[in-house]
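> got a sequence here, can you model it:
(one chain, ligands or ions: 1)
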Amino acid sequence: MTMPTPQCPWRMQVHHIHQETPDVWTLSLLCHDYYPYRAGQYALVSIRNSAETLRAYTLSSTPGISEYITLTIRRLDDGAGSGWLTRDVKRGDYLWLSDAQGDFTCDDKPDDKLLLLAAGCGVTPVMSMRRWLAKYRPQVDVQVIFSVRSPQDVIFADAWRDYPVTLVAENNATHGFIAGRLTRELLRQRVPDIASRTVMTCGPAPYMDIVEQDVKALGATRFFKEQFFTPVAEAATSGLKFTKLQPAREFYGRVGTTLLEALESNKVPVNAACRAGVCGSCKTRVVSGEYSVSSTMTLSDAEIADGYVLACSCHPQGDLVLA
Ligand code: FES
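Alright, predicted model coming up:
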C-alpha cells in the first residue's frame, strides 16, 4: 500500500473501534514504528487514503502511557472525514497520518496549578494531557470542568472515573452533573483560585470565546486555547470584496478575516485541515490584490511567484481576485 501524500507518511492499522457516545467513536491504531507526539497534539489523516482530502484530529491517546494511538471523532452530518472514519473504516484497515502537530500541550507549562476547560469533543486533548500530567507531573494541581449537551454525551466516561472532574450538562442533568452551562459564576464558585491557575480550553469556538472572557474577567492571566476549532462565521455582506474567476462569483469578507474564513463563510469549496499554515491543504491562487501571509511553509518559490497562498495564513489587505 503506497503513501497517498508525503504529508501523511505514517501508516497505522485499526486495531479496534469503540463507540464513546451516540455520535463519537474512538479508533485505536497500531503503529509499527515509534510515532513521536506530545499530549494534546493533533495529526492530519488522509481521508479515503487520498492526497486530496486531509482532516485534522486530536490524538486522544497519551504518549508513554496509552497502548494504542487513538483518534476520537464526532460524526458530523456533512463531514467527509468523520463520516468515513466512523462509518466505513473497519478493524484491520490502514490509515495514513501526518507527523503530530500543534502546540496546545501542557509539557511546556511549568505551572503547578492548571485548570482544563473542555466542551464536547474538545475533551480529546484534555484527556490526553490529564493522563500525561497524572503520570509525569503528579504534583501538579489539576482541575477539569467538562461541559456536555447531556449526560449521555460524556466522552471517555470510564476514564474520567480515575480523575476528579466537574461535569456540566446543558440538558437532562442527572446525579453527578451540574445543570446548565459553564458560567462566570460557576467558575468563581468552583475555582476560587482561578487567578493563580494556568487555564487551557478546547471546544467549539463560541464556547472558547466566552470562556476566554470569563476567565480573564476573573483574573486569570495565563490562558491558552486550541486554535484548531475555527468558527464558520456568517457570510459578510460588505467589507472586503472577493471576486472568484472560476467559477465566477463575488462575495464579501470582514476586514481582518483570513482568506480561509472568507471562503468558508461563503461556502466556497476549499480544503482545510490544520488551519495553521502547516499542512498545505488550503492552497489557493490569488490573481490580484493586496495581502500579507503568515506562512508559506508548503509552497514552492514558483508557486509563491504565481500567486499561490495558504488561505488559512493569508490576510487580505484589500479586495482580492481569486483564480
Ligand atoms: S489548512 Fe493547513 S495550511 Fe491551511
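> what segments of the stretch 101-250 of the chain are strands?
For the stretch 101-250 of the chain, the strands defined by DSSP state E, counting those that start in this stretch occupy 113-119, 141-148, 166-169, 177-179, 198-202, 222-225, 240-244, 249-253.
> buried sites along the last one?
Going by neighbour count (16 or more other C-beta atoms under 10 Å), the buried part of strand 249-253 is 251-253. C-beta coordinates here come from the backbone N, C-alpha and C atoms, glycine included.
> min pLDDT across those, which one?
Ranked by pLDDT, the buried residues of strand 249-253 bottom out at residue 253, which has 92.
> circling back to that earlier point, what is the nearest of the buried residues of strand 249-253 to residue 238?
Closest to residue 238 out of the buried residues of strand 249-253 is residue 252 (5.8 Å), distances taken as C-beta to C-beta.
> sorry, back to before: how about the strands of the stretch 101-250 of the chain in a markdown table, adding distance to the ligand?
Below are those laid out as a markdown table (distance: least, C-beta to the nearest ligand atom, whole Å):
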| stretch | distance to the ligand |
| --- | --- |
| strand 113-119 | 23 |
| strand 141-148 | 27 |
| strand 166-169 | 31 |
| strand 177-179 | 36 |
| strand 198-202 | 18 |
| strand 222-225 | 18 |
| strand 240-244 | 17 |
| strand 249-253 | 16 |
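> looking at those strands, which is closest to residue 103?
Closest to residue 103 of these, according to C-beta to C-beta: strand 222-225, at 8.7 Å.
> show residues contacting stretch 127-145.
For stretch 127-145, contacts defined as C-beta atoms under 8 Å, 6 or more residues apart in numbering pick out 39-40, 58-66, 105-107, 111-118, 126, 155-156, 159, 162-166, 168, 182, 186-187, 190-191, 197, 200.
> report the buried members of those.
Buried members of the contacts of stretch 127-145, scored by 16+ other C-beta under 10 Å, are 39-40, 58-63, 66, 105-106, 113-118, 126, 155-156, 165-166, 168, 182, 186-187, 191, 197, 200.
> so where do the helices sit in the stretch 151-300 of the chain?
Remark: helices assigned in the stretch 151-300 of the chain by DSSP state H, counting those that start in this stretch are 157-160, 184-190, 205-217, 259-265.
> what's the most buried one of these?
Most buried of the helices of the stretch 151-300 of the chain, by mean neighbour count (mean count of other C-beta atoms under 10 Å): helix 259-265, with a mean of 24.
> who are the packing partners of that helix?
Applying 3 or more C-beta pairs under 8 Å, 6 or more residues apart in numbering; DSSP states H and E, we find helix 259-265 packed against strand 240-244, strand 249-253, strand 283-293, strand 314-322.
> show me the contact partners of the longest one.
To tie it back to what came earlier, the one meant is strand 283-293. 245, 259, 263, 270, 298-299, 303, 306-311, 313-323.
> these, buried ones only, as a ChimeraX selection?
Selecting only the buried entries of the contacts of strand 283-293 in ChimeraX, with 16+ other C-beta under 10 Å as the criterion:
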select :259,263,270,298,299,307,308,309,310,311,313,314,316,319,320,321,322
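> what subset of the contacts of strand 283-293 is also close to the ligand?
Subset of these in contact with the ligand: residue 310, counting by C-beta under 6 Å from any ligand atom.
> which stretches of this protein aren't confidently modelled?
227-233 (pLDDT under 70).
> go again using 80 as the cut-off
For the chain, applying pLDDT under 80 flags the ranges 1, 51-53, 77-80, 110-111, 205, 227-234, 273-274.
> tell me the residues of it that contact the ligand?
Residues of the chain lying near the ligand by C-beta under 6 Å from any ligand atom: 272-275, 277-282, 310, 312.
> quick one: buried ones out of those?
272-275, 277-282, 310, 312.
> just give me the closest of the residues you listed to residue 223.
Of those, the one sitting nearest to residue 223 (C-beta to C-beta) turns out to be residue 275, at 19.4 Å.
> give me the nearest residue to residue 70, chain neighbours excluded.
Counting by C-beta to C-beta, 6 or more residues apart in numbering, residue 70 lies nearest to residue 61, which is 4.1 Å off, once chain neighbours are set aside.
> show me this protein divided up by domain.
Domain ranges of the chain: 10-97, 113-225, 240-322, per automatic domain parsing.
> mind putting those in JSON lines, distance to residue 234 included?
Shown next, in JSON lines, are the domains of the chain (distance: least, C-beta to C-beta, whole Å):
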{"stretch": "domain 10-97", "distance to residue 234": "18"}
{"stretch": "domain 113-225", "distance to residue 234": "12"}
{"stretch": "domain 240-322", "distance to residue 234": "6"}
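> figure out which of those domains is closest to residue 4.
Among the domains of the chain, the nearest to residue 4 by C-beta to C-beta is domain 10-97 (4.6 Å).
> so what touches stretch 202-213?
Here stretch 202-213 makes contact (C-beta under 8 Å, 6+ apart) with 104, 117-126, 147, 182, 199, 201, 223, 225-226, 228-231.
> could you redo the last one with a cut-off of 10 Å?
Applying C-beta atoms under 10 Å, 6 or more residues apart in numbering, the contact partners of stretch 202-213 are 40, 58, 104, 116-126, 129, 145-147, 181-184, 187, 199, 201, 220, 223-233.
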